[in-house]
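1. Structure here, sequence nowhere to be found:
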């Protein structure tokens, strides 16, 4: 009997330990230490500890967060990015009293009306607030993102502050991160981020594009990029096909530093000045990521060195991709008056290949100084893929061949709009022919361009003119 009693007490203690799950109830909540913050999780492993009718009670499970503000604040609580029907309520100091705020269906702030949103809740410094995330219907549970941020009803407009979020160094995974927010009455939404030179940043609020961004604006949303002095660098009104919502809008960073992305309501710019005409119902979820890319008007970094190209027809090939916001580039030796062949077309004679999505691949030839020598857009019968494109070398020396999506050249400047999924197989060779220059001192090959230089050549076609 003693052994049985001991076993019962032990099992009871173990069960008690197992049930002490962080976030389960107000006795052991998840702590929120600062704002703004985005908190993600899944409620399905929790119990149904709390309930409040706003307007209906449910039997759904819930998870609890705790926040103690050090100053008085007006705060927004958003579940706009949840994967299921949600409810949200807030207790002040004790979870045994009635909640001071509750929302079940978003009050019009979220694109999905079943997602909860509490706007501008006044919090008192030093008080303890318990935020409960719960299913809004029946027994529902699932993934959620709880965004908690200060509510600024009348913020200064031509300013980078107050900042709603710090995005930090942005990931290069497509549609890798998202954040929800609200412009507030007469306001805008601002986030800081770390910009790197040569990196292209992508921002999305369009629900019909690659990333499922969305907004609930009475007008339409704009994106504005500000530098660290709050000066406007660039802005967009979006694409017409997405009702002027920005769909994967790209901005190329020119220098390392701190920048700001602003979400505003059209028109966000008036007389080259930022405007703040948002409303309390202007809610959104923005997706964002980075395309590392490479410096565009440059011959570096080089992906491959083709060297002295073979004379066998269709005799060599190389496979690559353009990279995010980039181009693919290879160096090679060019001989004067020799014809070089480049092929990206699946048709005869060489069956090259290129998969460039909704665009097509171009071939660009650069000289040793990275200047554009020639650009080829391809042939209509091959979907504008270059099919045995033939280029005659104007002078012996070092050259580069570039593969980039159309249009690879704009206003006589090389562009870098490539993506990592733009793959190709380039087939190449050169014709037989005389290789002038370099045979004797009277016919020496001129080395042009800045020093230092690396000259790649092949001596097998020459004769022995000198001995030392």
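-> Perfect, thanks for sending it. It should be emphasised that the depicted structure is a prediction, and the values quoted were computed from it without experimental measurement.

2. continuing past the helix or strand hosting residue 168, what's the next helix or strand?
-> Using DSSP states H and E, residue 168 sits in strand 165-169. Once strand 165-169 ends, the next helix or strand along the chain (criterion: DSSP H and E) is strand 177-182.

3. May I see the buried residues of stretch 152-165?
-> Buried positions in stretch 152-165, judged by neighbour count with 16 or more other Cβ atoms under 10 Å: 152, 155, 157, 160, 164, 165. Quick note: C-beta positions are derived from backbone N, CA and C, even for glycine.

4. tell me, what residue is most central in this protein?
-> The chain has residue 289 as the residue nearest its centroid, 1.5 Å off, counting by Cα atoms, centre = their mean.

5. Could you measure from the closest residue to it other than its chain neighbours over to residue 424?
-> Counting by Cβ to Cβ, 6 or more residues apart in numbering, residue 176 is the residue found nearest to residue 289 once chain neighbours are left out, at 4.7 Å. Applying Cβ to Cβ, to the nearest Å, the value for residue 176 to residue 424 is 25 Å.

6. do residue 207 as well
-> When distance is defined by Cβ to Cβ, residue 207 is 32 Å away from residue 424.

7. When the two are compared, which one has more neighbours?
-> Per other Cβ atoms under 10 Å, whichever of residue 207 and residue 424 has more neighbours is residue 424, with 20 against 16.

8. Okay, and the beta partners of the more buried one?
-> Beta-bridge partners for residue 424, by DSSP bridges, are residue 320, residue 354.

9. show me what contacts it?
-> Contacts of residue 424 were listed using Cβ atoms under 8 Å, 6 or more residues apart in numbering, and they are 319, 320, 321, 328, 344, 352, 353, 354, 355, 356, 361, 403.

10. Can you turn the buried part of those into a ChimeraX selection?
-> Listed next is the ChimeraX selection for buried residues among the contacts of residue 424, using 16+ other Cβ under 10 Å:
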select :320,321,328,344,352,353,354,356,361,403
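
11. quick one: which of the contacts of residue 424 is nearest to residue 69?
-> Distance to residue 69 across those (Cβ to Cβ) is lowest for residue 321, with 48.8 Å.

12. How confident was the prediction at that closest one?
-> Looking at residue 321, its pLDDT stands at 86.

13. thinking again about what came up before, which of the contacts of residue 424 lies closest to residue 170?
-> So of the contacts of residue 424, ranked by how close each gets to residue 170 (Cβ to Cβ), first place is residue 321, at 21.1 Å.

14. Excluding sequence neighbours, find me the nearest residue to the closest one.
-> Here the residue nearest residue 321, using Cβ to Cβ, 6+ apart, is residue 423, at 4.6 Å.

15. What is the burial count for that neighbour?
-> Here the number of neighbours of residue 423 (other Cβ under 10 Å) works out to 17.

16. and what of residue 348?
-> A count of neighbours around residue 348, defined by other Cβ under 10 Å, yields 10.

17. swap in residue 373?
-> Residue 373: 15 neighbours (other Cβ under 10 Å).

18. just residue 218 next, same as before
-> As a burial measure, the neighbour count of residue 218 was computed by other Cβ under 10 Å and equals 9.

19. go on, residue 379?
-> Other residues close to residue 379 by other Cβ under 10 Å number 16.

20. Could you do the one 3 residues further on as well?
-> Counted by other Cβ under 10 Å, the residues lying close to residue 382 total 18.

21. Surely it and residue 343 touch.
-> No - under the criterion of Cβ atoms under 8 Å, residue 382 makes no contact with residue 343, lying 9.6 Å away.

22. can you tell me which residues contact the closest residue to residue 247 other than its chain neighbours?
-> In space, residue 247 comes closest to residue 206 once its chain neighbours are excluded; the distance is 3.6 Å by Cβ to Cβ, 6+ apart. Contact analysis of residue 206 by Cβ under 8 Å, 6+ apart lists 213, 214, 238, 239, 242, 245, 246, 247, 248.

23. could you dump these to a markdown table with secondary structure?
-> Written out in a markdown table, the entries for the contacts of residue 206 read as follows (DSSP: H, G, I helix; E, B strand; the rest coil):
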| residue | secondary structure |
| --- | --- |
| 213 | coil |
| 214 | strand |
| 238 | coil |
| 239 | strand |
| 242 | helix |
| 245 | strand |
| 246 | coil |
| 247 | coil |
| 248 | coil |
